[in-house]
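Peer 1: next comes the sequence, and after it the predicted model I'd like to discuss.
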Amino acid sequence: MSEGYATENALVQEESDLYDRGLDAAIALTVVSFVLGMITLVKVVGLATSGGALTNFFVTLLAVVIGGVGVVGVFSWAGVIDITSQRVRGIALGGIVDLVVLTALVTVLDVTLATVLGLLLVAQAAIVALAGLASRFELVDTAPNMSAGLLAGGAFGALGLLVGAAVGGTLVGFDSMLWILVALAVGAGLLILTILPREDVGSTLPTALLVGLLGLVVATATIGVGWEWNPNALSGGFTGGAVIPTFVLFGSLLSNWAAAKCRAGFGAPGRQYGAFFVINLNAFMMVSVMATIVVFVTVKGIGYAFHGFTIGAPAALVVLLPLLVLAVNWARKPAGTDAWRTGARQLVRVLPLALVGSLAAVVASVSIRGSALTYPFTYTVQVNRQPKVLDTGISVTPDPTVGALLLTFSALLLFAYFGRAYGTLRGVGRDPSWVDTVKQGVALSVAAMAVLTVVFAVLSPSPFGLPLGGTVGLVVVVLGAVVAGGLSVAAVATPLRGGAGTSLGEGLHDYAQTVVIGLSGALALLTAVVFLEPTAGVNPSVGPADLVPIVALLTAVASVGVSVSAGHARRSAAELRRRVLGEEAVFGLATAAGALALLGVHVAATGANFTVVGLTVGTKGSFSWPMTMQSYVPLGAEPGGILPAIVGTVWLVVGATLFAVPLGVGAAVFLTEYAEQGAFTSLVEIATNALWSTPSVVFGLFGAAFLIPRLGGDRSLLAGMLVLGFMLLPLVLITSREAILAVPDEYRDASAALGVTKWETIRSVVLPAAMPGVITGVILGVGRIAGETAPLILVLGSTLNSSEPIAVLDGFTFTAAPPFVGNPALLAETASLPTQIWAVIAAGVSGSPSMGWATAFILLMVVLAFYAVGIVSRTFFRRKLNYE
Amino acid sequence: MSNTAADTEIDMDTDTETTTTTGESQEEVKAEWTDYDFAGQPKLSVENLNVWYGDDHALKDVSMDIPEESVTALIGPSGCGKSTYLRCLNRMNDRIKVANIDGSVELDGMEIYDTNTNLVELRKRVGMVFQAPNPFPKSIRDNISYGPRKHGDINKGFLARLLGQDDSDEEAELVERALKQAALWDEVSDRLDANALGLSGGQQQRLCIARCLATDPEVILMDEPASALDPIATAKIEDLIEDLAKDYTVVVVTHSMQQAARISDQTAVFLTGGELVEYDDTDKIFENPESQRVEDYITGKFG
Ligand SMILES: Nc1ncnc2c1ncn2[C@@H]1O[C@H](COP(=O)(O)OP(=O)(O)OP(=O)(O)O)[C@@H](O)[C@H]1O
Ligand SMILES: [Mg+2]
């Protein structure tokens, strides 16, 4: 292994021998036990679990790993993603082998999880020691250094001191001073054992001793689940429940490091590989510790939050589709050039795919097998102050109905994704003049339909008693749909017909413009038709079939056809054509997604179900999530959900952002670009900082005393929005100002030298460059205000009894007299997630505590969703600013 | 300024050695050497221009007329005020807070330091290529079409398409023309939508030249436009400058004597301290300069 490696890349691709495979399996084993340590630390599974429950747990784990590795393997085999690293393969396969053996063991032996963990540590210690000795006696080819080094020596010495103190204290007691001697002896022993021998012994034997000791202590239940130690000096104590997972985490980190060093043959590559794992697992642990709070809330709340969650398999597939596309794309990205990282990065790249892929496979199997998949659980609610246990579950049913909104949303996501990936086909292919005519014709028709839509929307479908909607509208809709269908057929037919003797690829290339105009024209017309339909009050059908969804489906199928043939033709095409056809394939997919979205919009707008080959798109899909889709039912057996609170929080955040962002960014622009820098700007800066650190309850008091009397005298949503907006304002101002200041002056100079006005410069150069910073500020601020409770209690009310979600959009009323527009919904009291949690958990208002946890969990989800929106848009702007 | 005395001393030394100007006052000599008569109209005429950066007197009493449809080279040692002078011609120095400008600059007979001057219009007419390349963090295409779009010469986008006034074709033409002029087209024609920050330093410099040309100014100020370019690209830029001189007025700062000699019609020599020492036909400056200091500088004895 040591000789003749030219590059690190060659090294990771090198064929593995038995020793290597064994070590890969050992590394996998350490990772498995590390993960088990994390799992037991956050108490997802109890340490005392044994028997059937433990077997079940391991089978689940095995299934997850096999599913993930299997999906990745299939993709690798199909050449979608290329896994070249033998080490990644080795670790993946080793993980499966390890888990199979473990599952078999726990099935045969009747032991607790704690014992299993202890045995795992002992096994790791043995493997590490064997590997080190094999290297020492030159049974394998390695290149160890002279010593493991002082750093490792110091670390092991310190660990030895600790362990020695514990052992000494236990054996001879802390009363005599003898335990210090024991500690010193063990520490010095480990130090010497690390430093003096060659590196292979120095880094494996101390590890094996330590890990083995930890393992024995756990496996023999010297420190068992019920173990407890309460030192006199400390008020708290240590329990087995916390100590064992810590031992496992720690021991597996150590043996992981040693095994990785062995695997890379010691020396510099060994240090590199060992450090790589330790750093990664360490980072993983740090993140996990921080995530513990999230996990805690999740564990407490998720059961209740998902009670009665049901989704039909086709609907679930529709939801998974965008995720699957994103995961494939993520996995296809090159995993960096540094071969050492390539292996692990490939894993990181393919994990999402593995996850989504296996989920999709499970869901698809439900659809095919036709029997539902249910995960049942129980939870307790308070009914009339008495606890009552309810049975419920999460299930995936084979119901073939897909909700229109679900379809629309997913398809729109895909449309945006592919639409962005699609470049432009500028100047490609022939440009027969009729294409221009079609372009203009489509544009004019769309404009005309938009005008009609507005007319009908404002005046009703039959203005002044004339049945215009039923006559003009119907004709326009039918004509538009027919032309759209024709366009998508033409888009496919033209290149297929092609010239004599030309291949499909050449045909597509020559008629690229036609294809693009045809498909996008069809999409544009359909969009106009779909929006015209409900306002004109028509729903044309040909015989028993709906016209519009059929055309939408036709366009979708045609587009998929175009992309498939473009992708096919691409294989054999020349370089330029390759690029163009690639774009065409993506364009086709975008159009397909767009057409599917329109199908969903049509169904949602007309309320008519649409069925094709056993699948139904309906207004009510087979999707139900009581907690987020129903209102709270006081004192009911079925407690319902918290829809009003979710809607309230979303509106609060949206309103506050709409209020604070334009104001804050505007003020930042003024302060940085226009105002003379001096006393005034510093004063404003100090004031903003002070405002940002003002306690939120003060904002609440201000809102209650100042805003509410001016906003109708009652606590209201609008007052809540404004108060949160005031809280958000300083942060937006501070971060925007910083971001604008960070924009290099060169941009401003360059723009000024081109004769561009200051405002145009700010708008087109400065603000786009500052955008990521501004968005970061908004993200941070939204995180703060979304969970704000104190001011909301004062200005929004802490109601639990809003049984209806507040209807802000429908609430707008237009009048002929000033103020022309009003919205009673904005002035009404409503619920919000934080106040609801406060009411349920702290103030003990009716409802069970688990409902409070579930609400907290959902609040977390809502905040994360806002974060996701912010992070995606920030990435979007960053991409635009940087070359990628 | 504090080192005026020192300057005088150096001058005195030079003078006693060369004796060409013994007895004449500095002012008169300067007036004589820099009072350059050329055929044709002055596009820009600069009168007694002084610039201070705080207390630092960076440009001293410079007067020079720049003829139209020609190339004027500015040469001189680093820090002598060439860029400062150039920035005065389109009032970019106004953007430097500590800068204090005194004197007069006329463009086609109109005073640009008039309080009523519209700076935006002025800079449309007097374009500038900066010493350090400063492309916008936008695509190559957007960098070039930025000026014309903001001036309203090119309409693009959703609204333009809807109103049928989409100028994408004009834009494409403009981008191609400007990039070809700046000798960049061949390298970037297949990645016009890529971010300009991904270009190499030399490519960025040419992009900035192209961006300036795209707005079609009357006067083009170039601050060392070839400083980061290889000989081939430099030759192309030099050809471009000579070409531009047929229709435009070009003022170019350069550190390369050969370049100044090759491309310019007249040359102005600035020396340390911000004075314009000599201004004449390029041939005259390089073959037979009046001032000993200029000769020393050109032959490399004095920096
Ligand atoms: N923004 C500024 N603030 C303060 N002093 C400045 C500023 N710009 C230039 N100066 C000073 O003015 C003097 C002339 O600078 P200028 O940039 O005009 O020199 P230059 O002739 O262009 O030199 P180079 O050939 O190195 O580009 C220098 O002493 C410089 O330090
Ligand atoms: Mg300069």
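Peer 2: Looks like it arrived, so ask away. Ligands and ions are numbered 1, 2, ... in the order given.
Peer 1: for the one helix or strand A:Leu324 maps to, packing partners?
Peer 2: A:Leu324 belongs to helix A:313-332 when elements are defined using DSSP states H and E. Using 3 or more Cβ pairs under 8 Å, 6 or more residues apart in numbering or on different chains; DSSP states H and E as the contact criterion, the secondary-structure elements in contact with helix A:313-332 are helix A:339-369, strand A:386-397, strand A:401-403, helix A:404-421. In this view, the C-beta of every residue, glycine as well, is placed from N, C-alpha and C.
Peer 1: now the ones you listed in TSV, with mean pLDDT?
Peer 2: Compiled in TSV, the helices and strands packed on helix A:313-332 are given as follows (pLDDT from 0 to 100):
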stretch	mean pLDDT
helix A:339-369	79
strand A:386-397	80
strand A:401-403	86
helix A:404-421	86
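Peer 1: list the helices and strands the helix or strand harbouring B:Asp243 packs on?
Peer 2: In this assignment (DSSP H and E), B:Asp243 forms part of helix B:231-244. Secondary structure elements in contact with helix B:231-244, counted by 3+ Cβ pairs under 8 Å, 6+ apart, are strand B:71-75, helix B:201-214, strand B:249-253, helix B:257-263.
Peer 1: figure out which of those is closest to chain A.
Peer 2: helix B:201-214 (7.0 Å; Cβ to the nearest Cβ).
Peer 1: quick check: buried residues in the closest one?
Peer 2: Of the residues in helix B:201-214, B:202-214 count as buried by neighbour count, 16 or more other Cβ atoms under 10 Å in any protein chain shown.
Peer 1: point out the least confident one among these.
Peer 2: Comparing pLDDT over the buried residues of helix B:201-214, the lowest score belongs to B:Gly202 (85).
Peer 1: not counting sequence-adjacent ones, nearest residue to B:Ile112?
Peer 2: Sequence neighbours aside, B:Val105 is the residue nearest to B:Ile112 in space, at 5.0 Å (criterion: Cβ to Cβ, 6 or more residues apart in numbering or on different chains).
Peer 1: that neighbour should be in a strand, yeah?
Peer 2: Yes - the assignment for B:Val105, made by DSSP: H, G, I helix; E, B strand; the rest coil, places it in a strand.
Peer 1: who does it bridge with?
Peer 2: The bridge-partner assignment for B:Val105, based on DSSP bridges, gives B:Val46.
Peer 1: count the residues that sit near it.
Peer 2: As a burial measure, B:Val105 scores 24 neighbours (other Cβ atoms under 10 Å in any protein chain shown).
Peer 1: and the gap between it and A:Val278?
Peer 2: As defined by Cβ to Cβ, to the nearest Å, B:Val105 lies at a distance of 67 Å from A:Val278.
Peer 1: give me the number of residues near residue 217?
Peer 2: Since no chain was named, I'll use chain A. When neighbours are counted by other Cβ under 10 Å, A:Val217 comes out with 22.
Peer 1: oops, I was thinking of chain B
Peer 2: B:Pro217 - counted by other Cβ under 10 Å - has 22 other residues nearby.
Peer 1: that one against B:Lys124, yeah?
Peer 2: Yes - shown here, B:Pro217 and B:Lys124 form a contact pair, counting by Cβ atoms under 8 Å, at 6.6 Å.
Peer 1: common neighbours of the two, please.
Peer 2: Common neighbours of B:Pro217 and B:Lys124 are listed as A:Gly755 (criterion: Cβ atoms under 8 Å, 6 or more residues apart in numbering or on different chains).
Peer 1: okay, and the residue of chain B found nearest ligand 2 sits in which element?
Peer 2: Per Cβ to the ion, B:Ser83 is where chain B lies closest to ligand 2, at 3.1 Å. Assigned by DSSP H and E, B:Ser83 belongs to helix B:82-89.
Peer 1: so where do the strands sit in the chain?
Peer 2: I'll assume chain A. Taking DSSP state E as the test, the strands found in chain A are A:228-229, A:238-239, A:310-312, A:373-383, A:386-397, A:401-403, A:541-542, A:545-546, A:610-612, A:615-618, A:623-624, A:813-814, A:821-822.
Peer 1: sorry, I should have been clearer: chain B.
Peer 2: Residue ranges of the strands in chain B, as given by DSSP E, are B:42-53, B:56-67, B:71-75, B:99-107, B:110-111, B:126-129, B:219-223, B:249-253, B:266-271, B:275-281.
Peer 1: angle of the first one against strand B:219-223?
Peer 2: The reference is to strand B:42-53. Taking axes from the mean of the first three to the mean of the last three Cα atoms, to 10 degrees, strand B:42-53 and strand B:219-223 form an angle of 40 degrees between their directions.
Peer 1: okay then, goodbye and thanks.
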